[in-house]
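**Q** take this sequence and fold it.
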Amino acid sequence: MNVIVKAAPKFALSTALVVLGMPALRADEKPPDSVFQQSPLELKMKTPPSFKPTRSTTGYLPTPVGNVPYRDQSWDGKMAAVAVRRIVMPEVWWQTIAAQFFAEARLHLPGAPNMKLIAERDYSIAGCAAHSFVISTPGSKPEFWRIDYLLAKPD
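**A** Numbers count the residues shown, from 1 in each chain. Here you go, the predicted model:
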């Protein structure tokens, strides 16, 4: 995934990968690395040498279906940033919530409710459903975000 930015406002590219996972555990525990290697997609982030890693955290997020493992990683450059969140959802999530996930994600975009949705589209990668949003957030120095959600179920 390559991002070329020529505009002055800060631009952020964010990707969320949601995969089928293991049973929920306590929110204060750290998930093992193997939890995030269950995806049928090999997610590789290549950032230019000028981008520096700024964050890498793992833990459990509280959700309506219990605490689920996540991993956040981010990199910053002078004019752009890249953030990746991987969330491993249990089977019950796939059976009850997955079909409405992209519509629900629209309601929780950064800057909501004042953000401006510039574009969105559905697509697929390796047979996995995906959805992309391009938004701008309000303020004296507007930020532009491209946020892509990929739903990857191992079976």
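**Q** ok, which stretches of this protein are strands?
**A** 11-20, 52-63, 66-76, 80-89, 116-125, 128-137, 143-152 (DSSP state E).
**Q** out of these, which gets the lowest mean score?
**A** Between the strands of the chain, the one with the least mean pLDDT is strand 11-20; it has a mean of 52.
**Q** one step back: tabulate the strands of the chain (CSV), appending distance to residue 34 and mean neighbour count.
**A** Yep, even glycine has a C-beta here, placed from its N, CA and C like the rest. Formatted as CSV, these follow (distance: least, C-beta to C-beta, whole Å; neighbours: other C-beta atoms under 10 Å):
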stretch, distance to residue 34, mean neighbour count
strand 11-20, 12, 21
strand 52-63, 12, 13
strand 66-76, 10, 19
strand 80-89, 10, 21
strand 116-125, 22, 12
strand 128-137, 20, 18
strand 143-152, 16, 20
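**Q** now those strands as CSV including distance to residue 35?
**A** Listed next are those as CSV, based on distance: least, C-beta to C-beta, whole Å:
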stretch, distance to residue 35
strand 11-20, 9
strand 52-63, 9
strand 66-76, 5
strand 80-89, 5
strand 116-125, 21
strand 128-137, 18
strand 143-152, 13
